[in-house]
Structures are given as structure tokens and as C-alpha cells.
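>>> following is a predicted model, sequence given first.
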Amino acid sequence: MGKTYALAECFETIQGEGSWAGTPALFIRLAGCNLWSGRAEDRQRDAKRNQAQCPLFCDTDFVPRLKMSADEIVAVVSAYAEKGGRLAVITGGEPLLQLDHDIASKMLDFLQVAIETNGTVAMGPELAQLTARQLDHARLWITCSPKHAADKLLLDPHAVSELKVVYPNYDPLQYAAWVRPGTKLYVQPAASQCGVGVSVLDKVNMTNAAQWCMEHPAWSLSVQTHRVLGLP
């Protein structure tokens, strides 16, 4: 069977964030994260241990529930593309802990692939080469939502298609010089954390983030529209 990947879930929804907001998408949520265990009782410990704020507010449930081979995942992607799907989003947790050239290249045969990473994990050499080859026509799209200071990120900034900074938890301005010119810049209001897998839109954060963008017009606002719609 070869290599298998640990997944939390795989589902169809509407991409609610960033440049692809409003686009129907197949989400493949890989399990595991390098900054938080995913357990509520570990939030304070992991925030201190990893010098990151995200364990304190992360609402994502990335506990492993599925084991799938590359061929099994690609079969799901292929079926989605056959019915007209245009976008697959590989997210986590932190997807670069598992994602490799093999599965990414196979998925690119069928549709646009977007990877959502926290920027603290470097790509493997083959995946990095694939990213470089695809960058010109943006077939492989890299979204970085940074969870460490810019000078501590290990992701190659030249591979980043869009930057999506959670506000007010992280200062967007520290990342502007980190990415290459022309990278799309987004500020995303932090949601109110209610528990693992549960959060709600925070109107105060949305208003403040919108005001921040108006004061820094090189940045655009990314509101989680899937939450407005009640979608996963």
C-alpha cells in the first residue's frame, strides 16, 4: 500500500478566506501540528513551549481519524474534479509535516491545489522544486498564516502566494518585508475561541481589522465567510 497519511477529515465546502473566497473547494485536513497538541488542556503549555500564541486561540480539530494512501486521496480529488471541482485545499494542523511531492504532484494533474501552512516548517526539497516550477501560473497556491515572528519562519518566502495574518494576535507589518513583492496581503480577524472545533465570529475584531486595513491600504480584509454561512 505504500506510505499512508493521517487525516482529521476530508469534506467539500466553500473556501471562505483569502484570494479564493467564495470558491467551492475540497478540503483535505491533515492531522497533527507542530505548535499545539490539539487538546484544550495543553493550550497554555504549548503556547509557552513553542513561543506561539496560536495554541491559545486555535479552534481547529485536527485529531487523526483516517489513514489514507496517496492513491486513495488522489482518487477522492479525481472524483471531485470530474464533477467540476476546481480547487483542493490541503490544510491542518500543519500540512507540511506530512505533505510531500508525491501526493501534491498527483493532485495537480486534476485541479488547482492550495496549501495552508503556518510557515514554521520548511518544505522538502522536491516539494519546494515543484512549488518553484508552478509559481508562475499559480497552479500550486501557498497560503501562509504565520504563527511565529517573521525572522523565525522556515518556509521559503518566495514560495508564498498569499499572506494571511490573524489580527490582533499577530502584527501584520512585521511580515510585509518577509514576502516577495506582489504577494497578496490579508488581515484576518481572530474568531472568539469557544473550544476545540468551535468558535464564532468576533465583531469587535472584525471592525478593528477593517479599520486597520483602511489605515494600511496595501492589505485586504479576509473575513471568514464560511462561518457567516454556517459551513465547515
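Arrived safely.
>>> show me where the protein has strands.
4-14, 24-30, 66-69, 87-91, 112-117, 140-144, 162-167, 184-189, 192-195, 198-200, 220-221 (DSSP state E).
>>> let's have those strands in a markdown table, adding distance to residue 106 and mean neighbour count.
Every residue, glycine included, has its C-beta placed from N, CA and C. Formatted as a markdown table, the strands of the chain follow (distance: least, CB to CB, whole Å; neighbours: other CB atoms under 10 Å):
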| stretch | distance to residue 106 | mean neighbour count |
| --- | --- | --- |
| strand 4-14 | 12 | 17 |
| strand 24-30 | 12 | 22 |
| strand 66-69 | 11 | 15 |
| strand 87-91 | 11 | 22 |
| strand 112-117 | 10 | 24 |
| strand 140-144 | 12 | 24 |
| strand 162-167 | 24 | 24 |
| strand 184-189 | 26 | 22 |
| strand 192-195 | 35 | 12 |
| strand 198-200 | 33 | 13 |
| strand 220-221 | 32 | 16 |
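>>> what's the closest of those to residue 227?
Nearest to residue 227 among the strands of the chain is strand 198-200 (7.4 Å), distances taken as CB to CB.
>>> walk me through which strands that closest one pairs with, and which way each runs.
Applying DSSP bridges, strand 198-200 is found paired with strand 192-195 (antiparallel).
>>> helices or strands next to the helix or strand bottoming out on mean pLDDT in the chain in the packing?
In the chain, no helix or strand scores lower on mean pLDDT, DSSP states H and E than helix 125-134, which sits at a mean of 76. With contacts defined as 3 or more CB pairs under 8 Å, 6 or more residues apart in numbering; DSSP states H and E, helix 125-134 has these neighbours: helix 101-107, strand 140-144.
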